[in-house]
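# Prediction below, plus the sequence it came from.
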Amino acid sequence: MSAKETQNIATHSPHYSVGLFSTRKSGYTLIEMIVAMAIFGVLVAMSGDYIINSLRSTRFHAEQETAIQEARRGVENFTREVRGANSSERGYYALGRIEDDDVIFYTDVNYDDQMDRVRYFHHLGTLYRVVTPPGPSGDYQMPTSTSTISIYVTNDAEPIFTFYDNDYNETDLINEVRLIKMILVINVTDQAPNEYYLESDVHLRNLKDNL
């Protein structure tokens with residue numbers, strides 16, 4: 001074989017062509033793949049945290065708004081009922097108990113011209129209302145009706161109920177009470193920045209002297 005033929009074979013041989021380009025492979029190296037996967041993982045984690053925080057925030061606002069609306073209705077209900085407090089069917093005094101988180105009074109809940117015994121009290125973050133009708137003999141031994149007025153109540157540092165006399169001085173003497181202040185602190189998360197206050201001052205119209 002001549003030198004020229006040998007040169008032609010070497011030039012056109014597939015074997016030599018493959019060898020010429022075999023050192024220039026396309027695609028990513030292993031290190032590049034690891035770096036890319038790490039960056040992708042960080043982005044996924046950040047996106048996940050953002051989504052979770054957004055869902056938590058949305059749920060908090062929904063729960064807080066619901067709790068506030070329920071508490072507002074509870075305050076309005078208490079205001080209406082205690083304003084009409086009067087002597088019981090047996091002539092007991094209009095107020096039966098006055099404590100920071102527990103109050104009992106007599107009022108006509110059902111507008112049937114009979115005075116029911118009504119109790120509002122706070123227990124483990126919930127404000128309850130208990131109504132007892134007088135019954136045929138007026139002794140309030142009938143079955144009671146208990147309902148939840150408000151949840152997420154966080155009145156840890158201040159009373160729910162405060163009682164005042166004619167001169168707007170606080171009093172713990174039941175026969176001197178002429179005004180009741182009600183404050184509900186609502187907080188779904190139990191953290192200070194999220195506290196919501198609802199307040200109402202109620203004059204006992206049937207016990208008014210100089211107010």
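Sure thing, it's come through.

# mind listing the strands for the chain?
Assignment of strands within the chain using DSSP state E yields the ranges 95-99, 102-107, 116-123, 126-132, 145-150, 161-164, 179-186, 196-203.

# For Ile31, which of those is the nearest?
strand 196-203 (54.4 Å; CB to CB). To be clear about C-beta, it is placed using only N, CA and C from the backbone, and glycine gets the same treatment.

# Any stretches of the chain with poor pLDDT?
Applying pLDDT under 70 to the chain flags residues 1-27, 47-60, 190-193, 208-211.

# quick one on the thing from earlier: for the strands of the chain, which one sits closest to Ser88?
Closest to Ser88 of the strands of the chain is strand 102-107 (CB to CB; 4.3 Å).

# before we move on, the earlier item: any idea which of the strands of the chain gets closest to Val42?
Minimum separation from Val42 across these (CB to CB) falls at strand 196-203, 37.6 Å.

# mind saving the C-alpha coords of the closest one as CSV?
The C-alpha trace of strand 196-203 is given here as CSV (Å, rounded to 0.1, in the frame of the first residue of the first chain):
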residue,chain,number,x,y,z
TYR,A,196,-58.7,42.4,70.6
TYR,A,197,-60.7,44.2,73.2
LEU,A,198,-64.5,44.5,73.4
GLU,A,199,-66.0,46.7,76.1
SER,A,200,-69.5,47.6,77.2
ASP,A,201,-70.8,49.7,80.1
VAL,A,202,-74.3,48.7,81.2
HIS,A,203,-76.6,50.8,83.5
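
# Each with direction, which strands does that strand pair with?
Strands that pair with strand 196-203, judged by DSSP bridges, come out as strand 179-186 (antiparallel).

# The strand it pairs with: how far from the chain's middle?
A distance of 18 Å separates the centroid of the chain from that of strand 179-186, by CA atoms, centre = their mean, to the nearest Å.

# same check, this time on stretch 96-106
With CA atoms, centre = their mean, you get 25 Å for stretch 96-106.

# how about that stretch: buried residues?
Neighbour-count burial for stretch 96-106 flags Gly96, Ile98, Val103, Ile104, Phe105, Tyr106 (criterion: 16 or more other CB atoms under 10 Å).

# Check the protein for its longest helix and report it.
helix 30-83 (DSSP state H).

# between that one and strand 116-123, how big is the angle?
Helix 30-83 runs at 150 degrees relative to strand 116-123, counting by axes from the mean of the first three to the mean of the last three CA atoms, to 10 degrees.

# residues near the spatially closest residue to Glu70 that is not a sequence neighbour, how many?
With sequence-adjacent residues excluded and distances taken as CB to CB, 6 or more residues apart in numbering, Glu70 is closest to Ser150, at 5.4 Å. If you count neighbours by other CB atoms under 10 Å, Ser150 ends up with 26.
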